[in-house]
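[1] Structure of the sequence below:
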Amino acid sequence: MKNFSLSLYAFHLCHTFTELPGEVVADAKLLWENLVKVGETSLTFVGLKDLRSKLICYQNNIYDPKRQQGRKTEWLTDVGSLDLGSLPTTEGFKINANLQPFLLNDTYAVDLTLVAESPNIPIDIPQLQHFKPSSLLPSHIQASLGQTLWIYGEVDPNENCDVLAEKLAIALLAGTNLNPVRTQQGELFGSLLFEYQAPDPNEPENPAKQCHILILINNSQAATATLAEAAYNWLLNLLCSYHKILYIYQLARQRYREARIIYSELEKNIQEFNKLISKNPTQLSALKSLMGTIPKKSFDYARCLQDLQTHHTAIITNINNYTICLEKIQSINNSNSPQFWQDFINKDCQKWQQQIQTDINYLIPGQELFVQLVDTIRGIVETQQAESDRSLERTVQVLGIAFGGGAIVSGVVTGHIDKPFAPINFKYPIHPLVSSLLWSFLATACFWWIAWQVTKRKWR
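    The predicted structure is shown next:
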């Protein structure tokens, strides 16, 4: 292959809706720091090692995101693209590197492109390892939104491009546990475009750890390089939207699973509530304990639902952005683009968008059920508490009347008893104190019975 290039397009979230203006996510600088590590360990370009000194978001090699605020350009440098220098190879030619850093709204984007020093130098499969592709894989770059490795090369018309693309994809991932699988094939700017996916075996559903590979082979001497340069900004933004859509959908599915777990716990709470009501409906402590656990679950459930609604809005926005980019690319390429790029919008994106909306529709009744359960328990607890308070008030009132009346009678009787009471033939006379207590007890019981009968009508 001649005019060979290997490009890394990586996208990393800088800030989200939850951060205040001017704030960034905790690991916002990870993309730049990992690129510097690559420069220090494998692709030892001088400019890559010193990348921090070239970026606007750094000051004295210290990350300072406030410096990127208010910029009228997406560039994160004052000089545009960065020439990182060159590295010699054991086969006598040098590899040149160029880096373009951007801030695309809320996302850091980087284009790191490696080329042979002369477009006429042929690059075969074994020579691909001089470009150290393993250092550009997701495990090293760790871009939160994902990345794409893009290979471009020009070959003779009689070259078997299918076989060549397969060999290139395998060579890119040599020495790793990733296995490339061809997913799509089409044409872009007059050249053959092959798409490969290599998911991480440990996290196959995580798009950030998936290696996305695009191989563009020019076997017809088409003006592919010129057209790609004219469409550069749209290609970059299309890839950014593509990775964002995958990232958002993954977050949405994760939040839906979390909501389902909370909902299953709610079902258990409902069963526990039914048991309490059927066994002992007056057991206030158990009902209060149950009600104490539900509000937090209800809040977590509401957060999941809110996040799903946010993801639904975000995926629609990025689908629209992707569509705009694709239309711009088509206008540069005589209304042509890879069919699988169009299918991505019409099939995958629409399916995912509808899936998120369906998840939201399923979860909304659950939120209402949370509210109804809390209101029902609260109503029962408040009713029983009120009845308990009324019963206590009545008891206090009755006892007050009884003891008060008994005390009055006791005082009156005591004043008239001045000698022991001795019934006929009773050997031991009754002491006046005992008589007083006896009359007091009888009076208290009498007043208690009268008060109880009177208040019974009042508290019905």
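[2] can you give me the helices for the stretch 51-200 of the chain?
    Taking DSSP state H, counting those that start in this stretch as the test, the helices found in the stretch 51-200 of the chain are 138-141, 161-172.
[3] what residues are up against Gly22?
    Counting by C-beta atoms under 8 Å, 6 or more residues apart in numbering, Gly22 makes contact with 65-66, 69. Quick note: C-beta positions are derived from backbone N, CA and C, even for glycine.
[4] Repeat the analysis, applying 6 Å as the threshold.
    By C-beta atoms under 6 Å, 6 or more residues apart in numbering, the contact list for Gly22 reads Gln69.
[5] helix, strand or coil for it?
    Three-state assignment for Gly22 (DSSP: H, G, I helix; E, B strand; the rest coil): coil.
[6] Show me how the record splits the chain into domains.
    For the chain, the domain assignment from automatic domain parsing gives the residue ranges 2-230, 246-378, 388-458.
[7] can you put these in a markdown table and add distance to Leu236 and mean pLDDT?
    Formatted as a markdown table, the domains of the chain follow (distance: least, C-beta to C-beta, whole Å; pLDDT from 0 to 100):
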| stretch | distance to Leu236 | mean pLDDT |
| --- | --- | --- |
| domain 2-230 | 6 | 94 |
| domain 246-378 | 9 | 84 |
| domain 388-458 | 69 | 55 |
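[8] need those domains in TSV with distance to Leu238, can you?
    Shown next, in TSV, are the domains of the chain (distance: least, C-beta to C-beta, whole Å):
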stretch	distance to Leu238
domain 2-230	10
domain 246-378	4
domain 388-458	67
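[9] Just the element for the residue nearest the centre of the chain, please.
    Nearest to the mean C-alpha position of the chain, counting by C-alpha atoms, centre = their mean, stands Leu251 at 5.0 Å. Under DSSP states H and E, the secondary-structure element containing Leu251 is helix 232-279.
[10] now for that helix, which elements pack on it?
    The contact analysis (3 or more C-beta pairs under 6 Å, 6 or more residues apart in numbering; DSSP states H and E) places helix 232-279 against strand 2-13, helix 284-332, helix 350-416.
[11] Among the helices of the stretch 51-200 of the chain, which comes closest to Gln309?
    Nearest to Gln309, of all the helices of the stretch 51-200 of the chain, is helix 138-141, at 29.4 Å by C-beta to C-beta.
[12] And the closest one, what's buried?
    Neighbour counts over helix 138-141 (16 or more other C-beta atoms under 10 Å) mark 138, 141 as buried.
[13] Could you do stretch 301-314 as well?
    301-302, 304-305, 307-312, 314.
[14] now do stretch 326-339
    326, 328-330, 332-333, 337-338.
[15] Return the distance of it from the chain's centre.
    Per C-alpha atoms, centre = their mean, to the nearest Å, the displacement of stretch 326-339 from the mean C-alpha position of its chain is 34 Å.
[16] And for stretch 18-29?
    On C-alpha atoms, centre = their mean, the centre of stretch 18-29 falls 15 Å from that of its chain.
[17] Equivalent analysis for stretch 256-267, please.
    Distance of stretch 256-267 from its chain centroid, counting by C-alpha atoms, centre = their mean, is 16 Å.
[18] For that stretch, give me every contacting residue.
    Residues contacting stretch 256-267 (C-beta under 6 Å, 6+ apart): 297, 300-301, 304, 359, 363, 366.
[19] Out of the helices of the stretch 51-200 of the chain, which is closest to Val371?
    Ranking the helices of the stretch 51-200 of the chain by proximity to Val371 (C-beta to C-beta) places helix 138-141 first, at 42.7 Å.
[20] Any chance you could list what contacts that closest one?
    Taking C-beta under 6 Å, 6+ apart as the rule, helix 138-141 contacts 10, 34, 147, 209, 211.
[21] State the phi and psi torsions of the second one.
    With angles defined as degrees, to the nearest 10, Asn34 shows backbone torsions of phi -70, psi -30.
[22] show me the contacts for it.
    Counting by C-beta under 6 Å, 6+ apart, Asn34 touches 141-142.
[23] switch to 8 Å and redo it
    140-142.
[24] of those residues, closest to Pro21?
    Distances from Pro21 to those, taken by C-beta to C-beta, are shortest for Gln142, at 26.0 Å.
[25] Next, count neighbours for the closest one.
    Gln142 has 17 neighbouring residues, counting by other C-beta atoms under 10 Å.
[26] That one and Ile217, how far apart?
    Using C-beta to C-beta, to the nearest Å, Gln142 is found at 29 Å from Ile217.
[27] do Ser5 as well
    12 Å.
[28] where do the contact lists of these two overlap?
    Going by C-beta under 8 Å, 6+ apart, residues that sit against Ser5 and also against Ile217 are 152-153.
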